[in-house]
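**Student:** sequence first, then the predicted structure, then my questions.
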Amino acid sequence: MSSPSPLSAVPPTETPTGLGVDVGGTGVKVGLVDLARGELIGDRLVRPTPQPATPDAVAALIREMVAEFDWRGPVGVALPSVIHEGVARIAHNIDHSWIGCDVVDLFDRHLPGRTVLMLNDADAAGLTEVHYGAGEGVDGLVILLTFGTGIGSALLLDGRLLPNTEFGHLMVEDIAGRGFDEAEHLASASVRARDGLSFEEWAPHVSNVLRAIEDLLWPRAFVLGGGVSEAADQWFPLLENRTPVRAAVRRGDAGIIGAALYAAGHSGVLDLGRVLPDVGV
């Protein structure tokens with residue numbers, strides 16, 4: 001049975017809208033989202049990420065950027081961190097002072113009276129791809145992996161997000177015979193660039209990581225993102241894992257869209273047809 005549409009409870013005369021924020025190491029992006037299509041409405045707003053990217057500096061910038069939109073609904077924020085029980089547990093590409101930060105209190109102070117929902121940025125991208133992108137219509141388990149400086153991951157079962165996976169830190173045996181190491185130390189896009197690997201040289205390392213995940217979880221599909229996904233036709237045919245592999249299609253806007261969708265689902269704006277986990281409250 002196919003996964004239900006996110007719009008199952010929305011009258012056909014209405015176009016549900018959300019607002020999403022995507023916090024990155026170099027830029028913060030904010031945009032209004034047409035949740036029927038999973039597309040931005042108008043131009044997104046982009047500002048440089050504060051340096052240092054402390055919680056209060058980033059939250060203050062988000063407050064200023066959100067104020068530029070005529071928006072009173074829930075706000076979704078995708079962060080490069082694990083958000084567990086309302087607390088940021090790691091800090092990728094942002095200041096280490098995020099670790100241990102109570103993000104609920106943080107946004108209560110900077111966006112008082114507003115409903116703000118936070119989630120990991122790879123999880124936001126995964127929601128986008130499952131509802132509007134390469135994973136749409138796939139029943140069962142879909143795993144998104146983003147290949148960049150590290151390897152980000154999102155795990156979705158019949159459209160339901162299982163938050164805060166960190167498959168980039170999965171210990172994998174190196175095919176070069178150098179023992180075990182973290183997956184992202186063996187197969188990230190930054191490793192490929194650092195070692196000057198061709199796609200033919202790099203693809204076996206990616207296949208090795210995919211097979212390690214397959215042996216544990218047996219997904220129905222992998223969705224692979226990051227800049228290298230733009231060259232999917234050059235290296236996807238070189239992969240030797242058993243699970244179908246699809247290229248992510250939303251890319252630069254996936255964080256904004258997924259954050260907006262997540263906030264809308266939690267706030268009752270949309271009936272996603274399934275229960276989403278409370279990772280930001």
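**Tutor:** Yep, that arrived.

**Student:** what sits against the nearest residue to residue 164 once chain neighbours are set aside?
**Tutor:** Nearest residue to residue 164, sequence neighbours excluded (Cβ to Cβ, 6 or more residues apart in numbering): residue 82, at 4.6 Å. The way it works is simple: take the backbone N, C-alpha and C, and place the C-beta from them, glycine included. Listed by Cβ atoms under 8 Å, 6 or more residues apart in numbering, the contact set of residue 82 reads 88, 89, 90, 120, 164, 166.

**Student:** and residue 82, how far from residue 185?
**Tutor:** Between residue 82 and residue 185 the computed distance is 19 Å (Cβ to Cβ, to the nearest Å).

**Student:** same deal with residue 38?
**Tutor:** Distance of residue 38 to residue 185, given as Cβ to Cβ: 33 Å.

**Student:** do residue 113 as well
**Tutor:** From residue 113 across to residue 185, the span is 44 Å (Cβ to Cβ).

**Student:** so what's the backbone phi/psi at residue 217?
**Tutor:** Main-chain dihedrals, residue 217, degrees, to the nearest 10: phi -130, psi -20.

**Student:** that one: neighbour count?
**Tutor:** A count of neighbours around residue 217, defined by other Cβ atoms under 10 Å, yields 14.

**Student:** show me what contacts the nearest residue to it once chain neighbours are set aside?
**Tutor:** The shortest distance from residue 217 to any residue other than its chain neighbours is 6.3 Å, reached at residue 141 (Cβ to Cβ, 6+ apart). For residue 141, the contact set (Cβ under 8 Å, 6+ apart) comprises 155, 156, 157, 217, 218, 219, 220.

**Student:** picking that back up, more neighbours: residue 113 and residue 185, which one.
**Tutor:** residue 185 (16 against 6).

**Student:** so residue 109 is in which element?
**Tutor:** Using DSSP states H and E, residue 109 sits within helix 103-110.

**Student:** right, and the helix or strand after that helix?
**Tutor:** The C-terminal neighbour of helix 103-110 among helices and strands, as given by DSSP H and E, is strand 116-120.

**Student:** what's the angle from that next one to helix 103-110?
**Tutor:** Strand 116-120 runs at 140 degrees relative to helix 103-110, counting by axes from the mean of the first three to the mean of the last three Cα atoms, to 10 degrees.

**Student:** so what secondary structure elements neighbour strand 116-120?
**Tutor:** Identification of packing neighbours for strand 116-120 by 3 or more Cβ pairs under 8 Å, 6 or more residues apart in numbering; DSSP states H and E yields strand 75-79, strand 83-84, helix 103-110, helix 254-266.

**Student:** run through the stretch 51-200 of the chain and note the low-pLDDT ranges.
**Tutor:** Confidence mapping of the stretch 51-200 of the chain against pLDDT under 70 gives zero matching residues.

**Student:** which residues in it form helices?
**Tutor:** Along the stretch 51-200 of the chain, counting by DSSP state H, counting those that start in this stretch, helices occupy 55-66, 103-110, 121-132, 183-187, 189-195, 199-217.

**Student:** could you single out the most deeply buried of those?
**Tutor:** Stretch with highest mean neighbour count among these: helix 121-132 (a mean of 30; mean count of other Cβ atoms under 10 Å).

**Student:** of the contacts of residue 141, which pair is most distant in space?
**Tutor:** By the measure Cβ to Cβ, 156 and 218 form the most distant pair in the contacts of residue 141, at 14.4 Å.

**Student:** any idea how far the spatially closest residue to residue 53 that is not a sequence neighbour is from residue 47?
**Tutor:** Distances taken as Cβ to Cβ, 6+ apart put residue 94 closest to residue 53, at 4.2 Å, once the chain neighbours are dropped. Here residue 94 is placed at a distance of 14 Å from residue 47 (Cβ to Cβ).

**Student:** can you check residue 77 too?
**Tutor:** Applying Cβ to Cβ to residue 77 and residue 47 gives a distance of 14 Å.
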